[in-house]
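Colleague: following is a predicted model, sequence given first.
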Amino acid sequence: MQLAGYFEVKMNCMFKSIYIMVSDEKLYWSDSYMNTISYIGLDGNNRGELTHDPRADIMHIAVYGSHLYYTAVNRQ
């Protein structure tokens, strides 16, 4: 599904959400096993970790403007 310049793909495995930000030319994904949100440039360069929360069980990510939000099972 394409929404406002990005694509969302949900998977039933440890990688729960993937977003492609066309405007930033980056791909963001959440990994519920490693409890990280990572990114990489669409050209395959500049991979990095945006955040790591060891007890969060990060599930899904959403982008609104310049903000990235995530849901986590073990956070209130």
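Modeller: That came in fine, so what should we check first? Residues are numbered from 1 along each chain as shown.
Colleague: can you tell me the centre-most residue of this protein?
Modeller: Central residue of the chain (C-alpha atoms, centre = their mean): W29, 3.0 Å from the mean position.
Colleague: who does it form a beta bridge with?
Modeller: Applying DSSP bridges to W29 yields these beta-bridge partners: I18, S38.
Colleague: dump the residue contacts of it.
Modeller: Counting by C-beta atoms under 8 Å, 6 or more residues apart in numbering, W29 touches F15, S17, I18, Y19, I37, S38, Y39, I61. Glycine gets a C-beta too; all of them are placed from N, C-alpha and C.
Colleague: okay, who's weakest in those by pLDDT?
Modeller: Looking at the contacts of W29, model confidence by pLDDT dips furthest at F15: 63.
Colleague: state the number of residues packed around M21.
Modeller: Number of residues near M21 (other C-beta atoms under 10 Å) recorded here: 16.
Colleague: same check, this time on I37
Modeller: 21.
Colleague: what pLDDT does the model give the residue nearest to the centre of the chain?
Modeller: 86.
Colleague: likewise G48?
Modeller: Turning to G48, the model gives it a pLDDT of 90.
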